[in-house]
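> Starting from these lines, generate the structure:
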Amino acid sequence: MFDKILIANRGEIAVRIIRACREMGIKTVAVFSEPDREALHAQLADEAVCIGSAKAADSYNNMTNIICAAVEKKVQAIHPGFGFLSENSTFAAMCEECNIKFIGPAPSVIDAMGNKSNARNMMIQADVPVIPGSDGIVENLEQAYETAEKLGYPVMVKASAGGGGKGIRIVHKKEELQKAYESAKSETKAAFGDDTMYMEKVIENARHIEVQVLGDNYGNVIHLGERDCSLQRKNQKVLEEAPSPAISAEVRGEMCAAAVRAAKAAGYQSAGTIEFLYDKAGKFYFMEMNTRVQVEHPVTEMITGIDIIKEQIRIADGEKLSMKQEDVMISGHAIECRINAENPDKGFAPCPGLIDYLLLPAGGLGIRVDTAVYEGYEIPPYYDSMIAKVIVHGKDRREAIAKMRRALYEFIIDGIDTNIEFQNRILNHKDYLAGKFDTSFLENKIL
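Numbers count the residues shown, from 1 in each chain. Below you'll find the predicted structure:
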């Protein structure tokens, strides 16, 4: 097993990885930017190294500085968490060149699945249902018009190298296409350095359902069930739950089997997620693969009892999966609420600042809080606004909802604005309680 791992991230995911490593007897090295000098992840790790100034490009996305820190501290592996460099094949290759294990899939797999149009073609070959769309990339506006006419409006213009909701535009009519196509290309060029685009038919009123997979270096691939991630605002997930209240046992079996085929087709080794859209007719379609651990991985951990971070580390160290598919048992229901430092009444404007008082709802059976904030901590304005995740587990969905309501009632944070009350509005809506929601729910029923 690895002796020392560097965590190339910050916030709650860095803390999450450090805790898993400590339980496994692995020493940790944290990296931090200047504003994160007092951050919890920098305090919890065995060692910590400053890698640059506030701007992510100078610190958490600075591959050279992170590799230098890893070499200096003599680590055997780097865990990238999510975001930042977690799906950067260049960084994964740099780790390999420096004889440092990248805890994730191979660079070639990241490239293959990171390019959405290539991944789509791979899924077709693997007999995984895909959304009707363009044949490969859409090279120019003229081709975009032709593709849209063939598919029928509404259509979605998507960045081949996109992620995190960037480079996506929905087009309802011909007159909107040029602006959408050009703005999506510009956005994805700035975000990812790649402005190649493709197009898909919009599956209206769909659910967003993803399947967690694990693959080792010996060809073994299993799934850990599905998560329902339909509650989104501007393509950003807000609340997730597992299992999905929308799908039958039969569809669940078909979807999870398709996810395993997808991961095997990619030669996948690590934890990953196959994302699907599920329509009103009961059909599901491959959307994309995330080649990293997901923000919402704790809901799967709660219903399976499997530590996904530890499995990632073991796989990277060359171990076989510690369980077979028949060993995976789904028990009860789990929900995760993302708590953000933002003001929903002011357009969800970020709200950095000093936390004057903090009471976390960490007590009681089946309640977990993943966070890196503490009383007296000043949230910097430079990074993502998510400050905590509240995760609950109940014997069924009704109990899980009741536990989440109780947990949010006890979550008190003074000094900044948060979206806690916004989450409560979701949890108390009659349609959410009935499990009747899709990706348009927040926009149509809550906002």
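> where exactly do the strands run in the stretch 1-150 of the chain?
4-7, 27-33, 47-52, 77-79, 101-102 (DSSP state E, counting those that start in this stretch).
> Columns mean neighbour count, distance to Glu421 and mean pLDDT on top of these, output as a markdown table?
Where you see a C-beta, it was placed from the backbone N, CA and C, and this is true even at glycine. Converted to a markdown table, the strands of the stretch 1-150 of the chain look like this (neighbours: other C-beta atoms under 10 Å; distance: least, C-beta to C-beta, whole Å; pLDDT from 0 to 100):
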| stretch | mean neighbour count | distance to Glu421 | mean pLDDT |
| --- | --- | --- | --- |
| strand 4-7 | 26 | 32 | 98 |
| strand 27-33 | 24 | 31 | 98 |
| strand 47-52 | 19 | 35 | 98 |
| strand 77-79 | 27 | 34 | 98 |
| strand 101-102 | 22 | 40 | 98 |
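> Switch these over to CSV; also include distance to Asp127.
Below are those laid out as CSV (distance: least, C-beta to C-beta, whole Å):
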stretch, distance to Asp127
strand 4-7, 37
strand 27-33, 42
strand 47-52, 44
strand 77-79, 33
strand 101-102, 30
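> which stretches of the stretch 1-150 of the chain form helices?
11-23, 40-44, 63-72, 89-97, 107-114, 116-125, 141-151 (DSSP state H, counting those that start in this stretch).
> Name the surrounding residues that touch the third one.
Translated: helix 63-72. The contact list for helix 63-72, computed with C-beta atoms under 8 Å, 6 or more residues apart in numbering, reads 6, 8, 29, 31, 49, 51-52, 59-60, 78, 85, 88, 90-91, 94-95, 98, 100.
> show me what contacts Lys74?
Contacts of Lys74 by C-beta under 8 Å, 6+ apart are Lys4.
> change it to 10 Å
By C-beta atoms under 10 Å, 6 or more residues apart in numbering, the contact set of Lys74 is 3-4, 6, 29, 100.
> Specify the local secondary structure of the most centrally placed residue in the chain.
Centroid check for the chain by C-alpha atoms, centre = their mean gives Gln294 as the closest residue, at 3.3 Å. When classified by DSSP: H, G, I helix; E, B strand; the rest coil, Gln294 comes out as coil.
> Could you do Arg314 as well?
Arg314 ends up helix, using three-state DSSP.
> That one contacts Ile306, doesn't it?
No: between Arg314 and Ile306 there is no contact under C-beta atoms under 10 Å: 11.3 Å.
> got any residues that touch both of those two?
Common neighbours of Arg314 and Ile306 (C-beta under 10 Å, 6+ apart) are 214, 322.
> Can you report phi and psi for Cys256?
For Cys256, the backbone dihedrals (degrees, to the nearest 10) come out as phi -70, psi -40.
> That one: neighbour count?
21 (other C-beta atoms under 10 Å).
> mind listing what it touches?
Neighbouring residues of Cys256 by C-beta under 10 Å, 6+ apart: 211-213, 222-226, 274, 325, 328.
> And the buried ones among the residues you listed, selectable in PyMOL?
What follows is the PyMOL syntax selecting those of the contacts of Cys256 that are buried according to 16 or more other C-beta atoms under 10 Å:
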select buried, resi 211+212+213+222+223+224+225+226+274+328
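> ok, the residue lying closest to Gly363 once chain neighbours are set aside - contacts?
Once flanking residues are discounted, Gly363 sits nearest to Glu410: 7.8 Å by C-beta to C-beta, 6 or more residues apart in numbering. Counting by C-beta under 10 Å, 6+ apart, Glu410 touches 359-364, 367, 390.
> same thing with Glu87?
80, 104-105, 110-111, 113-114, 161, 163-164, 192, 289-292.
> Would you mind checking which of those residues is nearest to Ala334?
Asn290 (18.9 Å; C-beta to C-beta).
> pLDDT at the closest one, what is it?
At Asn290, the model reports a pLDDT of 95.
> Repeat that for Ala191.
pLDDT at Ala191 comes out at 79.
> Relative to Gly167, how far out is it?
According to C-beta to C-beta, to the nearest Å, Ala191 stands 7 Å off from Gly167.
> ok, the two, which is more surrounded?
Gly167 (27 against 16).
> Spatially nearest residue to the more buried one (excluding sequence neighbours)?
Nearest residue to Gly167, sequence neighbours excluded (C-beta to C-beta, 6+ apart): Ala159, at 2.7 Å.
> list the contacts for that neighbour?
115-117, 166-169, 184-185, 187-189, 191-192, 194-198.
> Please apply the same query to Thr291.
Contacts of Thr291 (C-beta under 10 Å, 6+ apart): 86-87, 89, 92, 104-106, 109-114, 119, 163, 266, 268, 270-273.
> Name the residues contacting each of Ala191 and Gly167.
With C-beta under 10 Å, 6+ apart as the test, Ala191 and Gly167 both reach 159, 161.
> buried sites along the helix or strand containing Ser186?
Element membership for Ser186, per DSSP states H and E: helix 174-192. Neighbour counts over helix 174-192 (16+ other C-beta under 10 Å) mark 176-177, 180-182, 184-185, 187-188, 191-192 as buried.
> okay if I get those as CSV plus distance to Gln125?
Converted to CSV, those look like this (distance: C-beta to C-beta, whole Å):
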residue, distance to Gln125
Glu176, 33
Leu177, 30
Ala180, 30
Tyr181, 28
Glu182, 32
Ala184, 27
Lys185, 27
Glu187, 30
Thr188, 25
Ala191, 29
Phe192, 25
